[in-house]
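A.B. asks: Just need the structure, nothing else, for what follows:
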Amino acid sequence: MSSDPYIIVNPNANTGKLGKKLDTALALAKEYIGDFEYAVTEKPQQEKELAAEAIKKGFKTLIALGGDGTATNMGDAIIGHSDVTLGLLSAGSMCDWHKTHSIPYGLEDSLKILVEGHSERFPAIKCSGDTTNYAFDLTDGGFTARAAAAAHYEMKWMKIGLIKYNYLALKYVLKSKNIPAKITLDDRDPIVIPELTNAFAGVGDEISGFLVMPGNVEYSQKNKDLGVVIAHGMKGLNRVKMLIKAIPGNHVGMKGIHFDRCRKMIVETEEPLCWENEGEIYSENSARIEIELIDDAISVIVPKKRTNKVDYDEEIYHQKFEESYTNRKFEKIKY
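C.D. replies: A predicted model of the protein is given here:
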């Protein structure tokens, strides 16, 4: 058994910038945490394999040096090992999962959180489609997932991850088509949707700079449930408008946007829809997706004191689906 930390590095994080500065990053990590063993990934999603090997060797603290995909793949291996803790070092393009837990962007600032060593248990989201894996922040299906999938093979020359993702999101928001769907939340009557545009579920609130679920971090922790956003019936410029308004979370109340809450969501579509979590694609060919919250699934090193910004009252997550066919007005919380 080893009490020393084990770091798994994705050199392709932050569109390859981490790999170019890897020696500097590892030297900085050593200044803060002392000697450690580490492994560098050589292929996509290898983090899960490397994490499983480290756990077999007896390592109890595994540290993800990369972005959301790096941490998520490691989390897949840690699930089921209650004595293993995950540390998050911010070195990716987006680091949405890190933001959910108030871990600052930047390697040195996230190292300061790591050395404090305060850990808490958090839920995971079991996602089943073509394959089954776990999300720890948000999962989504539709044009956003298609953009995430395209990011692996389109515009490889683009070195700024946020610009690349936003361009692809705009491309696929215009290119993708609406499809009939049925969404079942817990044991409630299914929501029948003639034209599903996009769907989201999660315990976080942000995807790549878009505030998809305002206040959801606070509400999910309090309620032990998932926030849900369903976009439907949106076409052309209305989709672009939704995308722009979602950056500060102002899509709340738009016609065609429904907010809800649940612990389990089943999405059945007339034809397959692309689904992803934290940039990792888990379904492109399945017409049935199951998303379920798993309580206290993983131990994560986080700041001792965290504050979650609540932009809207929780009432936005308790509207009837039928009301989403019209525009509604919700006041933002004033600080």
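
A.B. asks: Go through the longest strand along the chain and flag the buried ones.
C.D. replies: In the chain, with assignment by DSSP state E, the single longest strand is strand 288-301. Buried positions in strand 288-301, judged by neighbour count with 16 or more other C-beta atoms under 10 Å: 289-293, 297-301. Backbone N, C-alpha and C define where each C-beta goes, glycine included.

A.B. asks: does Val273 sit in a helix, a strand or a coil?
C.D. replies: I think there's a mix-up here, since residue 273 is Leu and not Val. coil (DSSP: H, G, I helix; E, B strand; the rest coil).

A.B. asks: Tell me how many other residues crowd it.
C.D. replies: For Leu273, the number of neighbouring residues by other C-beta atoms under 10 Å comes to 28.

A.B. asks: Name all residues that make contact with it.
C.D. replies: With contact taken as C-beta atoms under 8 Å, 6 or more residues apart in numbering, Leu273 is in contact with 141-142, 145, 179, 181, 196, 267, 283, 287, 289.

A.B. asks: Distance of it relative to Gly141?
C.D. replies: As judged by C-beta to C-beta, to the nearest Å, Leu273 and Gly141 stand 5 Å apart.

A.B. asks: Helices of the protein, residue ranges please.
C.D. replies: 17-20, 22-33, 46-56, 68-78, 96-100, 107-116, 143-150, 161-175, 216-223, 236-246 (DSSP state H).

A.B. asks: just to revisit the earlier point, for Leu273 and Gly141, list the residues in contact with both.
C.D. replies: 267, 283, 289.

A.B. asks: thought Glu47 was touching Thr70?
C.D. replies: Yes - counting by C-beta atoms under 8 Å, Thr70 is a contact partner of Glu47 at 5.4 Å.

A.B. asks: Now for the protein, the helix or strand with the poorest mean pLDDT.
C.D. replies: helix 161-175 (a mean of 67; mean pLDDT, DSSP states H and E).

A.B. asks: Pull the contacting residues for Ile257.
C.D. replies: 229-231, 242, 251, 324.
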